[in-house]
Structures are given as C-alpha cells and as structure tokens.
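Engineer: Make a model of this:
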Amino acid sequence: RTAMGNSLLKNYDVERGNPSSGGVGMSWQIFPAKERKTGKDVSVFIAMKRNLPRGLRTEEFWEKTIKKDAGFLTRLRHPHVLDVKRAPVDERGVLVIVTEPVVCSLANLMGDTKGITPSSSSTTITTALTKAKGAFNTRPPQSSTGTTDPNALPPHLAKIKLTALDIKNGLRQLVEVIEFMHNSARLIHGNISPRNVYLTPSGHWKLAGLAFATKTPSPSTPVDSTIKFGPFEKNKYAADLMMGIPELNYSAPEMVLKRRYNATADVFSLGQLAYHLHRFLDPDPNINVPTKIANVDEYRAWIQNLHRPLVLDGIPKTLRRYLASMLAIDPSHRANLKGFLSSEYYNDVLVRTLRFLDKLLQTDMKTRVQFLRQLPKVVNLFDARAAEMKILPKLMMQWKVGDKPLMLYTLPAILKVAERMSVSSFDIKVVPVLKQVVSINSPQFLYVALNCFPILLEKCSEQIQERILVRILLSALESKQPQLQSLAMRRIVDTANKNKFGYSVLKTNILPKIRRLASGPGLVEVRAAAIDAIGSIFEIFDKVTIKDKLVPAIQDSIKFGRSPLLLKAAMRVFAAMSSVLGPTITATEILPKVIPLLMESCLAAADFQSMFNTIKDMLERVGASRLDQLGAMQKGRSDVDANELKAALDEDADVGNFADLLAKEYTTNMLPTPQLKKEKKSLPRKIYTPQRTSNTTPAMDPFEMSGFLGSVPSQPRPQPTKALHNDMSLGGLDMGMSGAPMGGGYNPPSKHTQAAPRTTTTTTDDAFGFLS
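Structural biologist: Residues are numbered from 1 along each chain as shown. Here you go, the predicted model:
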C-alpha cells in the first residue's frame with residue numbers, strides 16, 4: 001500500500017485540507033497541489049469509492065458514472081472545458097485526476113459544502129487516504145460555537161463574490177462550449193448544473209461533469225435517456241440514489257418525464273442555471289433562492305408552476321424575455337444558444353470585450369492591433385478585480401508567444417490594468433513584463449513605459465526601482481530619439497523632486513548622463529532640456545557638488561553651438577544656483593561666467609534685456625550683502641573707539657595707579673633687576689605713604705617731576721656725626737653724601753673697620769649730568 005494511496009500523487013505536493021468539491025453527488029474532492037518537477041500549480045481531483053454514500057457504492061455506479069466522467073474529460077478539448085493534465089488513475093478504489101488549477105465549483109459558492117473539509121484541518125491527504133474508516137471527513141463545516149452550520153463556507157471560499165459581470169461572462173463561456181459539444185463533438189451534456197462548473201483563479205468558468213453525456217447524430221435528433229430518475233421511495237437508499245443522478249432543479253422536463261430528449265435539453269439546463277445564479281446574487285431579501293427538488297413528484301408540481309408571472313423576479317430585464325424562451329416546456333419552442341449571445345442581455349461592451357479577448361489569438365494581425373490600441377480606453381470600465389482576473393491573463397499570453405509587435409500593443413493595456421493592482425500582485429504579474437521591456441530595449445517599449453512611469457514608481461519597491469526603472473530611464477537617455485530623451489528627463493525631474501530615488505543613484509548614475517546630453521552635440525532642444533533638468537534637481541545635492549560639478553556643467557553646455565535657447569536656459573540655472581550658493585560664490589564663480597554672455601551676437605534685444613536684468617539682480621544681491629558686511633565691520637570699530645574715548649575723559653580715574661605704572665616702567669627700563677633664586681615666601685612688604693615732616697627731606701627727583709613724588713618714599717634726614725657718611729647703593733654705584741664726588745672715588749677704610757674684600761666695580765657714565 002503506497003503512502004498516498006495512489007501512485008499518481010507521488011509526483012505532486014498536495015496541500016492539506018479540502019478546499020472544494022463538485023461533480024455528481026459532490027463526490028469529487030479537490031485539492032490544490034504543485035507538480036514537483038516543474039513547480040506548476042495544479043488541482044487534484046480525488047474520488048474514493050469508500051467515501052460514496054452506501055447506496056452508490058456499486059461497481060456499476062463507479063464504472064459507468066465516476067470513471068466515465070473522468071474518461072470523457074481527457075478526450076474533450078476546448079478552452080472552456082476543464083483541462084486534464086494527467087490521465088485518471090484508479091488504484092484500489094481511489095480515482096485521481098490532475099487538472100488545471102481551479103478554486104471551487106459554482107455549487108460551493110451557492111452554499112453546497114458537501115465534501116468540503118475546512119482548510120484549517122490538520123488532516124492531510126496522506127493520512128486521509130490511509131485511514132481504515134472513512135477516508136475523508138465529510139461533515140459540514142462548523143460555526144465558531146462548535147455547532148454544525150451547513151451554510152458556512154471556509155474562509156477561502158467566503159471571500160469570493162460573484163458579480164453580475166462574472167455571471168454574464170461565465171454564461172457566455174458555457175454557451176460557447178455547449179455549442180461546441182452539440183455541433184462539433186456531437187454530444188449532449190445532460191448534466192449542466194452548478195456542481196459541474198468550476199472557477200479558475202482567473203475567474204474563468206470551466207465545464208466538466210460528463211458522466212451523463214450522450215452521443216447524438218445531430219443536435220436535433222432525440223436520444224433515449226438511460227438515467228433512472230425514480231421514484232425511489234420504496235428503496236431504503238432513496239436519498240443516496242438521488243445524489244447519483246442529475247439534479248432535478250436543472251433537468252429538462254422531457255428528460256425526466258418522457259426520458260427522450262435532444263440537445264435543447266442543455267438549453268433548458270443552462271436557462272435554469274442562469275435563473276438560479278441571478279436569484280442567488282440578487283440582494284433583495286424578498287427574493288428567495290429556489291428550493292431543492294427532492295423527487296419526481298415535486299418536480300412535476302414545479303414544472304406546472306414554472307411560468308407564473310412572478311417567476312422571473314430578480315432577473316435582469318434584458319434577460320427576462322430570452323430566459324423565458326429558454327425555459328419553455330416544449331423543446332421545439334426553446335430559443336437556440338447562438339441567439340442567446342446576440343440578445344439584448346449581451347449588448348454590453350464589457351462582455352463583448354471579454355469575448356474578443358478569448359478569441360484574440362484566432363484573429364488576424366490587423367484586427368488584433370486595432371483592438372489592442374483601443375483596449376486601454378475600455379479597461380477602466382471594468383472593476384479592478386475583473387480587469388486583473390479576466391483581462392490581464394489574456395494579455396500576458398501575447399508576451400508568452402513572443403510576438404514583439406503584439407507585445408508592444410498589449411503593454412499600454414497591461415500597465416493600465418496595473419494602476420489598480422495591489423503591490424504584491426504587481427510584483428508577481430507585471431514586474432516580469434518590465435524586465436522584458438529592459439531586455440528588449442526598444443524605443444517604442446521605453447516610450448510606453450515612461451508614459452506610465454508615475455504608476456510604476458508607485459507600485460515598484462525600492463529594489464525594483466533601482467534594478468529596472470533606473471535602467472529604463474538610462475536606456476531612454478542613451479537613445480537617439482529626442483522625444484524619448486526629453487520625456488525621460490521630465491520623468492527624472494518629477495521623480496527626484498518626490499525623493500523617490502536615492503542620492504547616490506542620482507549623483508552616480510543619472511546626473512552624468514544628463515551632463516553628457518547638455519554638453520553633447522545633440523539637438524539644441526534636447527541640450528536645453530538637459531540644462532533645465534539640472535536646474536530643477538540641483539538643490540538636491542550639497543553645495544560642494546553644485547559648485548564643483550554643476551556650475552562647470554552649465555558652463556560646458558554653452559561652450560559650443562551657442563543659441564538663444566541654450567543661453568537663456570543656462571542663465572536661468574545660473575540665477576537659481578546664485579540664490580543657493582550665496583554672494584561670495586556668485587561674485588567669484590558665477591558672474592565671471594555669465595557677464596560675457598551678454599556680448600553674444602545671437603541674442604535679440606529682448607533676450608539681452610532679460611539676461612541683463614538677471615545679471616543686474618545678481619550684482620545687486622552681491623552688493624547688498626557686501627555693504628552689510630562692511631557696515632557691520634565699521635560699526636564694530638566705532639564701538640571700540642567710543643569706549644577708549646570715554647575712558648580718557650573719565651575725571652574719576654585713579655591717577656595714583658597710573659603713577660605706579662610709570663614708576664614700574666622706569667624701574668624696568670633703567671634699572672633692570674637681576675633674576676634671583678627663588679626664596680621662601682615672606683610677609684608682604686609694607687608700602688609706605690610719603691609724608692612731609694620736619695625731620696624729613698624731600699626725596700630725590702632726578703627728572704624734576706615734583707608732581708609725581710607721592711609714590712616715591714622720602715628718606716629721613718641723617719643726623720650729624722663725627723664722620724658723616726652715607727652709602728647709597730644704586731645699581732652698583734656708591735653715592736657718598738659727605739661731598740665726595742659721586743662719580744666714584746676711593747675712601748680709605750677706618751682703622752677701626754676691617755677692610756672689606758676687594759671687588760671690581762664698573763664705572764657708570766653720568767650721561768644725564770645727574771651727579772655734577
């Protein structure tokens with residue numbers, strides 16, 4: 001026994017839970033999965049004999065109904081038929097089919113949850129298929145209180161909401177596939193109901209459930225029915241047996257009651273499906289969803305009351321007339337399917353647009369181009385979900401084909417759809433297209449991308465912006481198309497001013513390209529646009545970069561091929577830079593570059609006057625700034641001079657302090673004091689205040705400046721002795737007071753006095769005649 005119960009499942013990673021169900025009696029349980037080799041998304045349909053109702057666990061039902069359903073699907077190919085990827089494999093009562101990805105059946109959305117295991121369940125496919133009893137949990141979902149709620153849908157199904165456009169377009173797809181079955185495959189489906197219609201992730205409706213399909217020579221030729229509709233009342237498995245036949249609500253009267261029918265039986269079934277869907281969708285609470293018909297007797301009563309006047313309440317007015325014709329009791333009075341598509345109900349530009357998209361690859365090139373050129377105007381008529389789910393996948397198919405003309409014409413519509421997409425969806429579905437635009441590097445593709453650039457900026461992450469959008473801009477700047485280059489520079493300015501690009505990206509990648517365009521040999525209009533672009537983004541950069549890189553760049557742009565357009569553009573940018581860089585750089589860097597431009601012979605009088613006024617404004621700003629500086633400096637000097645004058649005129653100034661200062665100056669200059677060794681700190685010397693008394697004599701005033709003697713201490717008058725002698729040592733000079741010359745003389749020592757050691761003295765000249 002294999003781990004998964006079926007060898008086919010070994011090739012797939014199947015997710016947990018049981019998201020959806022469908023088919024006869026809702027016997028198919030559908031799981032999302034991925035193919036291990038390719039990683040592609042698929043859906044796995046699993047039918048288990050053991051999981052069928054007891055009354056249907058017969059070999060006949062298994063072979064003639066379940067396996068026939070799977071076999072027909074592998075042989076019938078149509079865009080609206082469920083696509084089978086791997087042929088069905090039946091192993092020990094477990095039948096597995098691998099198909100294209102589907103989300104659910106219409107029956108699930110309309111509240112039939114039989115066979116659905118909540119996605120939050122921890123039961124896996126592996127354990128479910130190997131259980132001894134009951135491989136699947138087929139109980140209806142439970143509410144949050146733990147009680148059974150048959151109307152509750154799992155979260156992944158509850159969020160799916162059908163719109164009127166979904167129903168209209170889905171019915172259109174069913175009409176096309178049923179016509180194909182009748183006219184080409186010569187088949188009568190015989191079981192068209194919500195259980196056999198599946199929705200793909202893109203919103204496409206796919207028909208399946210071919211268990212009761214019957215071959216027919218022609219659509220109008222009747223065939224006998226092999227289906228037993230009952231009555232089953234005497235059988236204890238009556239309820240089980242009713243699950244093994246087509247639903248009575250959608251079965252034609254002749255098929256159930258007369259058991260002989262032709263292709264018009266499918267028209268009746270489709271009409272009933274349209275009726276139930278619209279009644280289900282109608283928000284009016286007074287309109288009830290039709291009740292389920294349980295047996296043949298109820299069916300007969302229902303048929304008799306089918307065409308009461310109020311039977312079509314809740315149905316769009318454009319559909320009522322044709323729907324009544326589709327539900328005619330007499331098969332010969334029923335409308336045909338081709339007329340249904342041309343009815344007033346389908347006189348809708350949205351549905352016709354979707355119909356054309358389905359057949360886009362089958363039309364000629366001229367028709368496709370005309371359609372795709374007009375498609376962007378129609379995209380906004382769709383709601384965002386419908387545009388993403390129904391239009392975008394069809395357009396992406398053109399990119400897979402790789403036809404560049406068609407890729408080009410689909411790109412505007414793709415980017416139009418992208419306007420209303422979420423960032424995550426955009427990253428998954430549209431970014432690969434942008435990568436191809438960069439690799440193709442065609443001016444036409446770049447032009448379309450730049451026209452939608454604001455949307456791309458909004459949707460792309462910062463990483464995608466630097467990897468893709470910057471490359472689109474650079475490729476456009478490098479192209480030889482002036483219109484494309486100008487558009488790219490406008491997008492750069494808008495983007496830079498919104499701070500969408502990083503500083504380094506602008507400075508390193510984008511700015512050099514614009515500088516090259518400004519100074520290059522291109523058209524004057526392109527060069528002027530490049531100069532204006534620099535003028536629009538220069539404030540983003542620091543002042544050093546502006547001074548060292550951008551000012552020279554503008555100067556270089558007007559060196560060759562000067563014209564009034566270039567000169568005026570350069571003057572505008574220089575003036576803007578002047579207001580940012582300040583008067584000093586304006587005077588030293590900018591004015592020397594712009595003043596000579598006034599002498600260009602290409603300037604008209606009006607151009608000259610405009611540029612002259614601009615230069616004059618710059619000069620006035622420089623002059624005003626300089627005068628303010630000089631005024632501030634002069635004011636500072638005046639303040640200093642005023643303080644000095646005030647101090648000089650102060651009558652209360654301390655003259656004594658000034659005399660002390662002058663005495664120190666004299667002492668310092670005339671009698672330098674030799675440096676002494678540092679001695680111990682002593683008490684401060686007492687300062688004496690000179691006073692005039694009878695026993696004192698005036699101190700010497702060698703400069704005869706009697707007014708300043710207040711600071712010079714007087715010496716006491718010496719008392720007369722036998723030998724008057726007073727030695728005054730001044731700077732090494734002996735000044736005798738006994739009348740001996742002070743210029744230096746020899747006084748012999750007294751006999752009572754010990755002779756001092758002989759020293760050498762230096763004779764000082766009496767330069768000023770003080771000692772005479």
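
Engineer: hang on, Val177 packs against Leu82?
Structural biologist: No. Taking Cβ atoms under 8 Å as the contact criterion, Val177 and Leu82 are not neighbours in contact, 10.1 Å apart. Placement of C-beta: from N, CA and C, glycine included.

Engineer: more neighbours, these two?
Structural biologist: More crowded of Val177 and Leu82, by other Cβ atoms under 10 Å: Leu82, with 24 against 19.

Engineer: which residues does that one contact?
Structural biologist: Contact analysis of Leu82 by Cβ atoms under 8 Å, 6 or more residues apart in numbering lists Leu73, Thr99, Glu100, Val102, Tyr198, Lys206, Leu207, Ala208.

Engineer: residues contacting Met397?
Structural biologist: By Cβ under 8 Å, 6+ apart, Met397 lies in contact with Leu360, Leu361.

Engineer: That one: helix or strand, and which one exactly?
Structural biologist: Met397 belongs to helix 392-401 when assigned by DSSP states H and E.

Engineer: After that helix, which helix or strand is next?
Structural biologist: Next helix or strand after helix 392-401 toward the C-terminus (DSSP H and E): helix 404-418.

Engineer: same for that following helix, what does it pack against?
Structural biologist: Contacts defined by 3 or more Cβ pairs under 8 Å, 6 or more residues apart in numbering; DSSP states H and E place helix 404-418 against helix 365-379, helix 392-401, helix 431-440, helix 443-451, helix 453-459.

Engineer: Among those, show the one with the smallest mean pLDDT.
Structural biologist: In terms of average pLDDT, helix 392-401 trails the rest of the helices and strands packed on helix 404-418, at a mean of 87.

Engineer: could I get that helix in CSV with only the CA atoms?
Structural biologist: Taking only C-alpha atoms (Å, rounded to 0.1, in the frame of the first residue of the first chain), the coordinates of helix 392-401 have been written out as CSV:
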residue,chain,number,x,y,z
LEU,A,392,-4.6,40.7,-17.7
PRO,A,393,-4.2,36.9,-18.2
LYS,A,394,-5.3,37.2,-21.9
LEU,A,395,-2.8,40.0,-22.5
MET,A,396,0.0,38.1,-20.8
MET,A,397,-0.5,35.2,-23.3
GLN,A,398,0.7,37.6,-26.1
TRP,A,399,4.0,38.0,-24.2
LYS,A,400,4.4,34.3,-23.9
VAL,A,401,4.0,33.9,-27.6
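
Engineer: can you give me the end-to-end distance of stretch 374-390?
Structural biologist: The first and final residues of stretch 374-390 sit 17 Å from each other (Cα to Cα, to the nearest Å).

Engineer: Off-centre distance for it?
Structural biologist: Averaging C-alpha coordinates over stretch 374-390 and over its chain gives two centres that are 22 Å apart (Cα atoms, centre = their mean, to the nearest Å).

Engineer: in that stretch, what counts as buried?
Structural biologist: Going by neighbour count (16 or more other Cβ atoms under 10 Å), the buried part of stretch 374-390 is Leu375, Pro376, Val378, Val379, Phe382, Ala386, Ala387, Glu388, Met389, Lys390.

Engineer: Please enumerate the strands of the stretch 551-700 of the chain.
Structural biologist: 696-697 (DSSP state E, counting those that start in this stretch).

Engineer: Tell me where the model's unsure across it.
Structural biologist: 637-700 (pLDDT under 70).

Engineer: ok, now the chain?
Structural biologist: Across the chain, the stretches falling below the confidence threshold (pLDDT under 70) are 1-5, 17-18, 117-151, 233, 283, 307-311, 637-772.

Engineer: coming back round to it: can you list the helices and strands packed on helix 404-418 in a markdown table and add distance to Arg50?
Structural biologist: Rendered in a markdown table, the data for those read as follows (distance: least, Cβ to Cβ, whole Å):
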| stretch | distance to Arg50 |
| --- | --- |
| helix 365-379 | 50 |
| helix 392-401 | 38 |
| helix 431-440 | 45 |
| helix 443-451 | 57 |
| helix 453-459 | 50 |
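
Engineer: how about those, which one is nearest Glu15?
Structural biologist: Of all the helices and strands packed on helix 404-418, helix 392-401 sits nearest to Glu15, with 22.3 Å by Cβ to Cβ.

Engineer: What is the burial count for Lys234?
Structural biologist: Lys234: 7 neighbours (other Cβ under 10 Å).
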